[in-house]
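> Sequence first, then the predicted structure:
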Amino acid sequence: MAAEGAARDGADVLAGLFERLEATYGDLGWWPARDAFEVAVGAVLTQNTAWRNVERAMAGLTEAGLLDPAAMGDAPHETLAEAIRPAGYFNVKTRRLQALCAAWRAAGGAEGLAARETPSLRAYLLDIHGVGRETADDIVLYAFYRPVFVVDAYTYRILGRYGWLDDEPPYEGLRERLETTLAGTPQAYQHYHAYLVELGKEHCRPRPRCAECPVTDLCGKRGVAAGQG
DNA sequence: GCCCAGGTGTTTC
DNA sequence: GAAACACATGGG
């Protein structure tokens, strides 16, 4: 049937895209962190924020001795906000980090969270103030090493430009479709998300700058037409 | 000065 | 339920 053929072609495009990205980028060494809590803190701090600024904030937290669920959770708002100031939205993120700390401790720490099955873990994280779908999946994938595809703005933008999306499907639908199509390991999903972010930063900005894109020839339609790569 | 960055919650229709 | 808006620093 035509629909099955289209789906198979879509899967081929996707597999080819990630093969090429793997050859181009290899292991990007993404999300270095000492422990699960540090991953979770970084996931909150990086919300709509450049990683360079997250690193400054993480350094501020280390400096202040706050990179710990108890210390961070008990710190005064002003103290925590000052430590994470370089990451922007510091008042918003201070509230979110303290909500994260409360939930983290209530769950029995990383050990308690790791004991949960993936759906329960996602649901628990999503229930925390300031932890949305992408942040939750960042934590599930990079802190707890579960096989979830992290969908972000780059995922929509790049897959849209490569003709893999017919429309703009809802987050959960796209995530499940990608996981079904790719059937990858946690390590593969960690790499895929990193690849899409790197590719997006370099070549698929909101205003396309697609010159010398390593996967230009795989582009099918949409924004990449008209010689943008 | 303008755009963008590894989003989320709230308000409003 | 989707669109508009607030949140804020730092780099190009």
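Yep, it's here. Numbering: from 1, shown residues only, chains lettered A, B, ... in the order given.

> can you pull out the helices in chain A?
A:2-25, A:36-45, A:51-63, A:69-74, A:77-83, A:90-106, A:109-114, A:118-126, A:133-138, A:153-161, A:171-182, A:186-203 (DSSP state H).

> Which one of those has the poorest average confidence?
The weakest mean pLDDT among the helices of chain A belongs to helix A:2-25, with a mean of 79.

> Is DNA strand B within reach of stretch A:135-147?
Yes. Contact between stretch A:135-147 and DNA strand B, assessed by C-beta under 7 Å from any atom of the strand, occurs at A:135, A:136, A:138, A:142. Glycine gets a C-beta too; all of them are placed from N, C-alpha and C.

> you'd agree the second one is up against residue A:125?
Yes. Counting by C-beta atoms under 8 Å, residue A:136 touches residue A:125, with 4.0 Å between them.

> for residue A:190, what are its contacts?
By C-beta atoms under 8 Å, 6 or more residues apart in numbering, the contact set of residue A:190 is A:30, A:31, A:141, A:142.

> still on that earlier bit, looking at the residues of stretch A:135-147 next to DNA strand B, which is nearest residue A:88?
residue A:135 (15.2 Å; C-beta to C-beta).

> Just give the closest residue to that closest one, not the sequence neighbours.
Excluding its sequence neighbours, the residue lying closest to residue A:135 (C-beta to C-beta, 6 or more residues apart in numbering) is residue A:43, at 4.7 Å.

> quick revisit: now render the residues of stretch A:135-147 next to DNA strand B as a markdown table, adding neighbour count and distance to residue A:71.
Below are those laid out as a markdown table (neighbours: other C-beta atoms under 10 Å; distance: C-beta to C-beta, whole Å):
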| residue | neighbour count | distance to residue A:71 |
| --- | --- | --- |
| A:135 | 23 | 21 |
| A:136 | 22 | 23 |
| A:138 | 25 | 22 |
| A:142 | 25 | 22 |
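
> Adding distance to residue A:178, write the residues you listed out as JSON lines.
Formatted as JSON lines, the residues of stretch A:135-147 next to DNA strand B follow (distance: C-beta to C-beta, whole Å):
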{"residue": "A:135", "distance to residue A:178": "18"}
{"residue": "A:136", "distance to residue A:178": "16"}
{"residue": "A:138", "distance to residue A:178": "15"}
{"residue": "A:142", "distance to residue A:178": "17"}
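
> For the contacts of residue A:190, work out which two are farthest apart.
A:30 and A:141 (10.4 Å).

> Overlap in contacts, those two.
Joint contacts of residue A:30 and residue A:141 (C-beta under 8 Å, 6+ apart) are A:190, A:193.

> Looking at these two now, which is surrounded by more residues?
Remark: of residue A:30 and residue A:141, residue A:141 carries more neighbours, 24 against 15, as counted by other C-beta atoms under 10 Å.

> Tell me who's in contact with the nearest residue to residue A:42 once chain neighbours are set aside.
Of all residues not flanking residue A:42 in the chain, residue A:54 sits nearest, at 5.9 Å (C-beta to C-beta, 6+ apart). Contact analysis of residue A:54 by C-beta under 8 Å, 6+ apart lists A:42, A:45, A:46, A:87.

> repeat that for 10 Å
A:41, A:42, A:43, A:44, A:45, A:46, A:47, A:84, A:86, A:87, A:88 (C-beta atoms under 10 Å, 6 or more residues apart in numbering).
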